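[1] What would the 3D arrangement of this be:
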Amino acid sequence: MKIQMKIDKDYKGLIDEGHRYKIEGDIETTENLVIDLNKGLYVTGCIEADGDIKSGKYIYSGRYIEADRYIEAGWYIKAGGSIKAGGSIYSGLSIEADGYIHSGWYIKAGGSIEADGYIHSGGSIKAGGVVNHGILKELGLPEDNDDKIEDKTEDAIKLLKKKGYKIVKI
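    Numbers count the residues shown, from 1 in each chain. Alright, predicted model coming up:
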């Protein structure tokens with residue numbers, strides 16, 4: 001079991017702004033990061049963990065959020081820069097980045113997934129709402145019923161071109 005860094009209401013430097021908590025500067029740990037607060041957390045700098053990042057509420061970074069394994073939030077994940085996880089990225093509501101969103105496994109949000117840059121998933125991308133991005137790349141996961149799924153790629157490309165989107169092969 002990996003050791004964890006825990007941010008709770010007694011964490012040194014934590015500022016209670018009423019509607020959320022705030023930490024000035026960066027949060028960097030060689031461990032898992034567990035955010036155990038009754039409100040969301042805004043970090044003015046970056047958030048980096050060599051393990052997982054987990055919060056029951058929201059995670060908001062003024063710069064970027066990066067974890068070697070997974071990033072999970074009960075509400076939303078938002079970054080002024082990019083969001084990157086070696087594993088999965090999961091949010092109960094939305095995932096939003098002013099840069100890119102990159103995961104080694106899946107990206108899943110109960111609401112929208114938005115990035116000004118690219119969205120890359122080594123697995124699947126699932127959103128309960130819209131997916132807005134500069135470039136989307138989903139590598140997909142093998143499924144038991146792949147032979148039963150009809151390939152609609154060409155139809156989708158035609159529809160996107162008809163709507164004025166430029167298709168770029170990567």
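[2] Can you show me the helices along the protein?
    Listed in chain order, the helices of the chain (DSSP state H) span residues 153-162.
[3] where are the low-confidence patches of it?
    Applying pLDDT under 70 to the chain flags the ranges 1-2, 135-152, 168-170.
[4] quick one, what contacts the residue nearest the centre of it?
    Centroid-nearest residue in the chain, with CA atoms, centre = their mean: residue 89, separated by 4.5 Å. By CB atoms under 8 Å, 6 or more residues apart in numbering, the contact list for residue 89 reads 70, 71, 72, 77, 83, 95, 101, 103, 106, 107, 108. Where C-beta positions appear, they are placed from N, C-alpha and C, glycine not excepted.
[5] what about 6 Å?
    For residue 89, the contact set (CB atoms under 6 Å, 6 or more residues apart in numbering) comprises 71, 103, 107.
[6] do the same with residue 106
    Residue 106 neighbours (CB under 6 Å, 6+ apart): 88, 121, 123, 124.
[7] just curious, which of those is nearest to residue 46?
    Closest approach between these and residue 46, by CB to CB: residue 88, at 19.9 Å.
[8] Residue 105 is in contact with that closest one, correct?
    Yes: contact criterion CB atoms under 6 Å: residue 88 and residue 105 qualify, at 4.3 Å.
[9] Would you convert the contacts of residue 89 into CSV that also reports neighbour count and distance to residue 47?
    Below are the contacts of residue 89 laid out as CSV (neighbours: other CB atoms under 10 Å; distance: CB to CB, whole Å):
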residue, neighbour count, distance to residue 47
71, 30, 9
103, 26, 15
107, 28, 17
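[10] Could you save the residues you listed as TSV and add columns showing distance to residue 40?
    Below are the contacts of residue 89 laid out as TSV (distance: CB to CB, whole Å):
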residue	distance to residue 40
71	14
103	21
107	20
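[11] Which ones among these map onto strands?
    Applying DSSP state E to the contacts of residue 89, the entries found in strands are 71, 103, 107.
[12] of these, closest to residue 156?
    Of all the ones in strands among the contacts of residue 89, residue 107 has the smallest distance to residue 156: 19.0 Å, by CB to CB.
[13] ok, now which ones touch residue 127?
    109, 112, 113.
[14] And the second one, its phi and psi?
    Looking back up the chat, that one is residue 112. When read as degrees, to the nearest 10, the backbone of residue 112 gives phi -90, psi 160.
[15] gap between it and residue 27?
    Residue 112 sits at a distance of 25 Å from residue 27 (criterion: CB to CB, to the nearest Å).
[16] Comparing these two, which residue is more hemmed in?
    For the pair residue 112 and residue 27, the greater number of neighbours falls to residue 27 (22 against 17), based on other CB atoms under 10 Å.
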